[in-house]
Structures are given as C-alpha cells and as structure tokens.
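Novice: no sequence on this one, just coordinates:
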C-alpha cells in the first residue's frame, strides 16, 4: 500500500486479439523503479496514447468515457484495440493498492506502442515471441503530486497553426488522438508562464476555437453551455461531457458547434474542464468574466460523486458535421 | 562489450550550469535493462529532444553538427544547455564499448526533460536534491537493428498542415526543434505504407516544401543542389550539409531557399538525407526521377570517411530570411 501506486499492465489480457498467456491485468511494482526501456517507442518517439482522471474518494471519474476515448485514440494511431473491461480491472487493481491521505489522487493510464521493432532489442524480442510486439502499459495513481485547484484562472488564446478543415484532409496529423507526443502542449504552458497567464485556448488559423493544451473549453451564453464540436480535430472532452450532463440535469441547454474565437470572447462565462474537474476562467486575452463559485462547486460535486456519470456516457456531438 | 550498447548519461557533467557532483559522463548498463521511470517526461509527454547518426567504422558521422543541433533544440524547448564536449566524451564512451559485426551501427542520443516535477516521484526527487530536476540522458549504439539502405525509394508529398509563415509567429509549435514527440512523424510513415511508397516529403498549406518525417530533402537542378531554408521551420539537416560539402568540393553549387512543391517536382534529381546517409529518390507523387548510383556511392563514401566533415561545419543558410 502506498500514496503513489505504479502498475505494469499485461498486454496479453488488456488488448483484443493479443490474448496469448492470460494472467493478471496489472502487476504493482515499486513506483521508484524504472519500468521503461530506452528502446520503447514511448521513450524514443512519444509514440503511444494516454488518459488521465481523478479518483475521487475511490471513484474513478468518467473512467468508462476515458477508456472509450483510449480505444478511439488507439484506432486513430493504428494500435491494437484496448479491452475496456480488462483496463477497468487493471485500474481497479491500482486503486485498490492506494492508501494515501489525498482524497483526489490522479490516475494516469499510459499505453506505448511497445519496443521499437527496428532496434536490436526489439528485433530480439520479436524473435523470441510470436506475432508483433505488444504495447507497453503503465498505470499509476498519484496522491503526492501537485494538487487540483478550482481557483479562477486567466487564459490567453494561442494559435495551433492549423486551419479548421485540416483534420479530415490529413488524418496523419492525429488531431483528435490523445497521444504521448505532448511536447507542443508543454511548450504552450511555458508560453503561458512567459505571458503571466494560467492556461491557453488554442485556435485555428481561420479563427475557430479548439481546446486547451490539456483541457477542454466550455462557454456559457445565458442558459446554454457550448463547446467546440470535437470533429474539428480535438479531443472529445470527458469532464466537459460531465459538465454537460450536470447542465441538462439542471434544466439548462447544451450545444456542440464550430465556435469562432470572437464568439468565445463574447461568452457570459467560461469554464476549463479536465481530469474530473471544472475550473472557472476569470479572464481571457485581458477581458474579465464573471465567476459563480457556487455553480462551480455544484458542478464539481455532481461530477465527483458520480451523479453525472451515467448521463455523460450518452452525450456527444450528433448529426452531420458542418 | 556488446553489439547493442546502452549508456546512461550523467546530467551533472553533460549540461552547463548543472555541475553538481562530477563523475563520468556516461555509465554503460545492460541494454535489456529498463532505465526510464514512468514518471519521466519522455514517457509521460514525449518531452525531450534527440539526435541520431551512424557510426561508420568507428567514426560518428557529423557528430559535432548533431550535438550543436541538440543544443539548438534544447534552447527552443527551454531545457538546460548541453555541453558539446561532455556529450562528445559520453558518445565516445558508448562507441568504445561496441564490438558488434555491423560496420555502420546507429547512434542515438536521447535527452528527456527528466522526472515530471508535478508527480509524487518528481516532488520527492526535488526535495532530496538541490535545484531543479536534471534532464535524463540515454545514449545507445545499436548494431542489431534494421540496417541502412541506399536503394532508390519512392515518395509522396503529405501536408504538415501549417502555412509557411507560422514558425516565427508561433514558436510554441516547436517547428525546427528535434523533440521526442514524433507520433505524427510515425503516423506519416504508416500513411506511406498505406500508399505503397517508401517515404514522405511534408509541405505547407501554401505549397512550400518542408522536410521528410525523419530526413531532409535535397533537389538537384543541373549543377546546383537546393534544400529548403531551415528558417521555414524545419531541422537544419546534418547529412544534407555533408551532401552540400561534397557538392562544393566537387565544384558544384548549393542553395538554401523557399522551395515551392511544384519546383521540387521539376528537379533533375532528388535525394533524401538522414543519419549519415544519402538515399536517392526514384519517384515522387508518381513522377519518375533519374538515379545515378555512382554519384550516390561517392557522396556516401565521402561522408562516411569523414572527407566532408570539416566543410559541413560551416555550411548553412545565410542572409535575411525571405
């Protein structure tokens, strides 16, 4: 038992079509131990996918939607299909081994493409196995890292450099996949530090709203909560769907659409959502926004206690994409 | 001694301003051993930089230019400044431990930002050290992986999704830095597999030539060898500079400029350069190009024997960027 729990996943049972040896879905190791090879594609190429959420008082927030999104990312990057039930078991194995004091530790699921088959170590592993090299999986629950906060934040818009119609034209850009290649996302956070703002909203070169480096953005206009349609090439936000579920339960309206940055700036209120949390935005590009902390606490409470969980499973964009 | 040598770098001596404890630049470990933490930013975020080249008969091709480019990448991603001399020593330590049969093994230098300071394991390491967490460094020499080939290849153009003027406007996109976040580069190679071509040349949305997913592109028009000016937001090719050095030694001309894709297709010959090799291109987007294998062998021979090394050090774009 520990406040930082690290599990190594068993690809044989975690992916469909790879069930070679069976066994437990996850093995807990000492979190201080190295577990990745220098010849693993996560280390060499940031070539893998991931998910992260909060485990609130033992409840993994939005876990089913996170694992469905992991499967979606796997399809976009041509990796084996994750077995959502087996991944759920593996996450529970990690959660069961946690006994830290932090009531809202961070759960992170890392899936690498595995050993690089073009390296000597990969060639050797391929020779000794049967079939292609399996993905590497690490799952950890961390109650000792930086905590979450719902303090109102300031934001700036930053261009992502792409036009809004690039995703369908160039699927190799992996827009909409949550890959381990987050160097640009990290650089955006350093740019925010330089500008003295808390986070960023990315935009297209033709003026549409995308997402935040590791969050989604939601705008409120009166009683309607709006977020960019993920089909523009962004992640389908898990906490954003929990927020939408809360709004619908409260009798409000929600919408997915292409959202011009100018309209984003005209919102009555802005919310950044990620990892099981809704964080209020008090400023975007120097413009101030009202913050209702009572609403924010109500949203987070509904999400953390699982009240919004079932409704969030069926929320998403629908109809033809504009 | 081994045919796959793995060294763990000592950040204290490999980076300027971090000289805390001294000691050897590199420690050789068993290449089968795990050496990266799941809490390392290379694994979590593809957050680091790298270089790769061939060690031909004991001679690390373009090593000085690779290490200078590593330092350039470090500056672009706000990492500590690598000490080029110390990195040279570390690479030599790895080369000295190699005794494989392959005469042209691949040398790879991986530099991660280090443990993630927002995780529990990072917080603990920060507490026990003095100052910020050091980068993680792994260097390997691999004589058992996939070999190099100078077989003529086919290519297709793929959009990178960016306009040609994005780099100076949005430095957070890290164009021109060789980061570990290569998921998109890997996806481009899978797209090439789907199309049945050997590799790709990336292009801007406004029709300019960029680079290949892990190579540079050179076009020949008569006696002039042309490559895109790296200031468009691409890597400053090391093997491309060796090729230019060869051309100048042979009395030919060279040029860096903005290169429209239409002009690239009009070339008399095309060359893909990477990791100490020049590879001829026999087809681009279905159009055939002449290949002179005698010239290709002469170029590679000049590069591998070190004949072009000194001249390549001073080659690069000059003057105002268009």
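Specialist: Looks like it arrived, so ask away. No experiment lies behind these values; they were computed from the predicted model shown. Residues are numbered from 1 along each chain as shown, chains lettered A, B, ... in the order given.
Novice: pLDDT value on the residue nearest to residue A:81 when sequence neighbours are not counted, please?
Specialist: Spatial nearest neighbour of residue A:81, excluding adjacent residues (C-beta to C-beta, 6 or more residues apart in numbering or on different chains): residue A:16 at 4.5 Å. Every residue, glycine included, has its C-beta placed from N, CA and C. You'll see residue A:16 listed with a pLDDT of 91.
Novice: what residues are up against residue A:16?
Specialist: Neighbour list for residue A:16: A:80, A:81, A:82, A:83 [criterion: C-beta atoms under 8 Å, 6 or more residues apart in numbering or on different chains].
Novice: Next, the last one: phi, psi?
Specialist: What that stands for is residue A:83. phi -90, psi 110 (degrees, to the nearest 10).
Novice: In terms of pLDDT, where does it sit?
Specialist: What the model reports as pLDDT for residue A:83 is 97.
Novice: for it, what are its contacts?
Specialist: Contacts of residue A:83 (C-beta under 8 Å, 6+ apart): A:13, A:14, A:15, A:16.
Novice: re the thing from before, scan the contacts of residue A:16 and report the most crowded one.
Specialist: Counting neighbours by other C-beta atoms under 10 Å in any protein chain shown, residue A:82 leads the contacts of residue A:16 with 27 neighbours.
Novice: Tell me the bridge partners for that residue.
Specialist: Per DSSP bridges, the residues bridged to residue A:82 are residue A:15.
Novice: Next one: it from chain B, what distance?
Specialist: Separation of residue A:82 from chain B (C-beta to the nearest C-beta, to the nearest Å): 17 Å.
Novice: what do you get for residue A:124?
Specialist: 7 Å.
Novice: three-state assignment of the nearest residue to that residue once chain neighbours are set aside?
Specialist: Using C-beta to C-beta, 6+ apart and skipping the chain neighbours, the partner closest in space to residue A:124 is residue B:144 (7.1 Å). For residue B:144, the assignment made with DSSP: H, G, I helix; E, B strand; the rest coil gives coil.
Novice: low pLDDT regions in chain A?
Specialist: A:1, A:19-21 (pLDDT under 70).
Novice: Pick out the residue of it closest to chain B.
Specialist: Nearest residue of chain A to chain B, counting by C-beta to the nearest C-beta: residue A:46, 2.2 Å away.
Novice: Count the residues that sit near the residue lying closest to that residue once chain neighbours are set aside.
Specialist: The spatially closest residue to residue A:46, leaving aside those adjacent along the chain, is residue B:46, at 2.2 Å (C-beta to C-beta, 6+ apart). Neighbour count for residue B:46, taken as other C-beta under 10 Å: 28.
Novice: again, but for residue A:196
Specialist: For residue A:196, the number of neighbouring residues by other C-beta under 10 Å comes to 8.
Novice: Distance check, it against residue B:174.
Specialist: Distance check for residue A:196 against residue B:174: by C-beta to C-beta, to the nearest Å, it reads 21 Å.
Novice: cool, and residue A:57?
Specialist: Noted for residue A:57: a distance of 39 Å to residue B:174, by C-beta to C-beta.
Novice: ok, those two, which is more surrounded?
Specialist: More crowded of residue A:57 and residue B:174, by other C-beta under 10 Å: residue B:174, with 21 against 10.
Novice: Ramachandran angles for that one?
Specialist: Per-residue torsions, residue B:174: phi 60, psi 20 (degrees, to the nearest 10).
Novice: Who are the contact partners of it?
Specialist: A:183, A:184, A:187, B:76, B:77, B:181.
Novice: got it, and residue A:35?
Specialist: Shown in contact with residue A:35 (C-beta under 8 Å, 6+ apart): A:6, A:8, A:29, A:138, B:34, B:36, B:37, B:38.
Novice: residue boundaries of the strands in the stretch 201-322 of chain A?
Specialist: A:216-221, A:224-228, A:253-257, A:269-274, A:277-284, A:287-288 (DSSP state E, counting those that start in this stretch).
Novice: again but with the stretch 1-150 of chain A, I slipped
Specialist: Going by DSSP E, counting those that start in this stretch, the stretch 1-150 of chain A shows strands at A:4-9, A:26-29, A:48-56, A:59-60, A:106-112, A:136-142.
Novice: between those, which gets nearest to residue A:88?
Specialist: strand A:59-60 (8.6 Å; C-beta to C-beta).
Novice: got the strands of the stretch 201-322 of chain A as CSV, with distance to chain B and mean neighbour count columns?
Specialist: Below are these laid out as CSV (distance: least, C-beta to the nearest C-beta, whole Å; neighbours: other C-beta atoms under 10 Å in any protein chain shown):
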stretch, distance to chain B, mean neighbour count
strand A:216-221, 17, 23
strand A:224-228, 17, 22
strand A:253-257, 22, 17
strand A:269-274, 13, 24
strand A:277-284, 15, 22
strand A:287-288, 21, 10
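Novice: now the ones you listed as JSON lines including distance to residue A:237?
Specialist: Below are these laid out as JSON lines (distance: least, C-beta to C-beta, whole Å):
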{"stretch": "strand A:216-221", "distance to residue A:237": "3"}
{"stretch": "strand A:224-228", "distance to residue A:237": "7"}
{"stretch": "strand A:253-257", "distance to residue A:237": "10"}
{"stretch": "strand A:269-274", "distance to residue A:237": "6"}
{"stretch": "strand A:277-284", "distance to residue A:237": "11"}
{"stretch": "strand A:287-288", "distance to residue A:237": "23"}
